[in-house]
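# Provided below are the primary sequence and the corresponding predicted coordinates.
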Amino acid sequence: MRPVHAGEEGLETIRELTREFPGVRINAISGGNPRIPGWDLLRMAKALGAVDALPKPLARGALIATVKAVLGA
């Protein structure tokens, strides 16, 4: 797997990780992307294989619940 660079888009990273490691469990977090108006990035992240997707700012309870889901607890 090639190194992930700080400027790389999250959706590209999810796509590459799920292709390289089919069983990987990903939790996506996004504050949105003002350069792409109207796109639901979190919905797209889940469609690409993320177990869950949270919007920023994070709510503590939601974060704990989704980490448990990703870990399979």
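Ah, there it is. In this text the structure is predicted, and so the values were computed from the model without any measurement.
# before we move on, what SS does the most centrally placed residue in the chain have?
Centroid-nearest residue in the chain: Ala28, 2.0 Å away (criterion: Cα atoms, centre = their mean). Assigned by DSSP: H, G, I helix; E, B strand; the rest coil, the conformation of Ala28 is strand.
# What's the local residue count around the closest residue to it other than its chain neighbours?
Nearest residue to Ala28, sequence neighbours excluded (Cβ to Cβ, 6 or more residues apart in numbering): Ala45, at 3.6 Å. All C-beta spots, glycine's among them, are computed from the backbone N, C-alpha and C. When neighbours are defined as other Cβ atoms under 10 Å, Ala45 has 24 of them.
# try Arg19
Neighbours of Arg19 (other Cβ under 10 Å): 12.
# follow-up on the earlier one: give me the beta-bridge partners of the residue nearest to the centre of the chain?
Note on Ala28: beta-bridge partners by DSSP bridges are Ala53.
# who are the neighbours in contact with it?
Neighbouring residues of Ala28 by Cβ atoms under 8 Å, 6 or more residues apart in numbering: Gly10, Ile14, Leu41, Leu42, Ala45, Lys46, Ala50, Asp52, Ala53, Leu54.
# Next, the contact list for the second one, please.
When contacts are counted by Cβ under 8 Å, 6+ apart, Ile14 touches Ile26, Ala28, Ala45, Leu48, Gly49, Ala50.
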